[in-house]
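*Asks:* coordinates only, no sequence provided:
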């Protein structure tokens, strides 16, 4: 009989990490999303009742308009619909087209402190989305500012 070699634990771990990364498991705090969406940011004073702004960046290469909807959730529960907007069609668009960038900003407020998830998606294909987690302090907490991508 031939000699059977058992892979080392280090090789197994490297293959497991590669597999999980390929399946969309993220190992960072960066926004999670798909190729259409490029950025998602919640900015403003991170306190309950304060004015906040959600900004979503995208790259359009579709020959049809693409509707974008943004919501705030706690876990799977919908807290607030922040808004909807439409990315204009690219008349020269298609799978190999060079995408053009765009950004939408939407203002909102949340009355309760807690951990939230901003989510923007295309209602025509809900698998096309981007997520960003953020936390609001109570209104009487020291000031915290959000920003960056």
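*Replies:* Perfect, I can see it now. Just so you know, these numbers come straight off a predicted model, no measurement behind them. Numbering: from 1, shown residues only.
*Asks:* the residue lying closest to residue 98 once chain neighbours are set aside: what's it in contact with?
*Replies:* Once flanking residues are discounted, residue 98 sits nearest to residue 61: 7.0 Å by Cβ to Cβ, 6 or more residues apart in numbering. C-betas here are computed from N, CA, C, even on glycine. Neighbour list for residue 61: 90, 93-95, 97-100 [criterion: Cβ atoms under 8 Å, 6 or more residues apart in numbering].
*Asks:* next, residue 61: phi, psi?
*Replies:* With angles defined as degrees, to the nearest 10, residue 61 sits at phi -140, psi 20.
*Asks:* how near is it to residue 46?
*Replies:* 34 Å (Cβ to Cβ, to the nearest Å).
*Asks:* also residue 56?
*Replies:* 18 Å.
*Asks:* the two - which one has more neighbours?
*Replies:* Neighbours per residue (other Cβ atoms under 10 Å) separate residue 56 from residue 46, with residue 56 holding more: 28 against 20.
*Asks:* and that one, helix, strand or coil?
*Replies:* At residue 56 the chain is in strand, as set by DSSP: H, G, I helix; E, B strand; the rest coil.
*Asks:* what sits closest to it if chain neighbours are left out?
*Replies:* That would be residue 120: by Cβ to Cβ, 6+ apart, it lies 4.5 Å from residue 56.
*Asks:* sheet partners, orientation included, of the helix or strand containing that neighbour?
*Replies:* Here residue 120 sits within strand 114-122, counting by DSSP states H and E. Paired strands of strand 114-122, with direction, are strand 66-74 (antiparallel), strand 125-136 (antiparallel) (DSSP bridges).
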